[in-house]
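Participant: Everything below, folded, please.
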Amino acid sequence: QVQLVESGGGLVQAGDSLRLSCAASGRTFSSYAMGWFRQAPGKEREFVAAISQRGRSTSYADSVQGRFTISRDNAKNAVYLQMNSLKPEDTAVYYCAADREGVYLRKQPREYEYWGQGTQVTVSS
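Facilitator: Predicted coordinates for the structure are as follows:
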């Protein structure tokens, strides 16, 4: 089992950058594929990015491709989301998630077993 805690959210202006962090507990962090999702008010939770167990493979939603970068540091039990050129439509609660199976870069929330509590990102125009 793994527990996840996100941090780094905040209020920024369009065009600014933010770096989200997700700290994970547990000794088996490196066996999980990790993902970032977001949920805006009145909308379903949506996939943002995912990274493989060792960080060699990544996947992004089309809406963030080229602006966001997911990375991980297994020595620190952490995964990160660097967000550049932020837009008002990026405003949402951002969640970190862990996929116990760890083999594929999954994009559906139901395929992830563990979730953090979320961190709010607000981008003003």
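
Participant: Backbone torsions only: list them for Ala14.
Facilitator: Main-chain torsions, Ala14, degrees, to the nearest 10: phi -60, psi 140.

Participant: Where does the residue nearest the centre of the chain sit, in terms of helix or strand?
Facilitator: In the chain, the C-alpha nearest the mean C-alpha coordinate belongs to Trp36, at 2.2 Å (C-alpha atoms, centre = their mean). In this assignment (DSSP states H and E), Trp36 forms part of strand 33-39.

Participant: Of all the residues in that strand, which ones are buried?
Facilitator: Residues of strand 33-39 classed as buried under the neighbour-count rule (16 or more other C-beta atoms under 10 Å) are Ala33, Met34, Gly35, Trp36, Phe37, Arg38. Just so you know, the C-beta spots here come from the backbone N, C-alpha and C atoms, and that holds for glycine as well.

Participant: need the contact list for the first one.
Facilitator: Applying C-beta atoms under 8 Å, 6 or more residues apart in numbering, we find Ala33 in contact with Ala50, Ile51, Ser52, Gln53, Ala98, Asp99, Glu101, Gly102, Val103, Tyr104, Leu105, Arg106.

Participant: Now do the phi/psi pair for Ser30.
Facilitator: Main-chain dihedrals, Ser30, degrees, to the nearest 10: phi -70, psi -10.

Participant: Gln120 contacts Gly9, doesn't it?
Facilitator: Yes: contact criterion C-beta atoms under 8 Å: Gln120 and Gly9 qualify, at 4.8 Å.

Participant: which one of the two has more residues nearby?
Facilitator: Gly9 (18 against 12; other C-beta atoms under 10 Å).

Participant: That one contacts Thr119, correct?
Facilitator: Yes: counting by C-beta under 8 Å, Thr119 is a contact partner of Gly9 at 3.4 Å.

Participant: Now list whatever residues contact both of those two.
Facilitator: Leu20, Tyr94.

Participant: burial count for Ala97?
Facilitator: Neighbours around Ala97, by other C-beta under 10 Å: 24.
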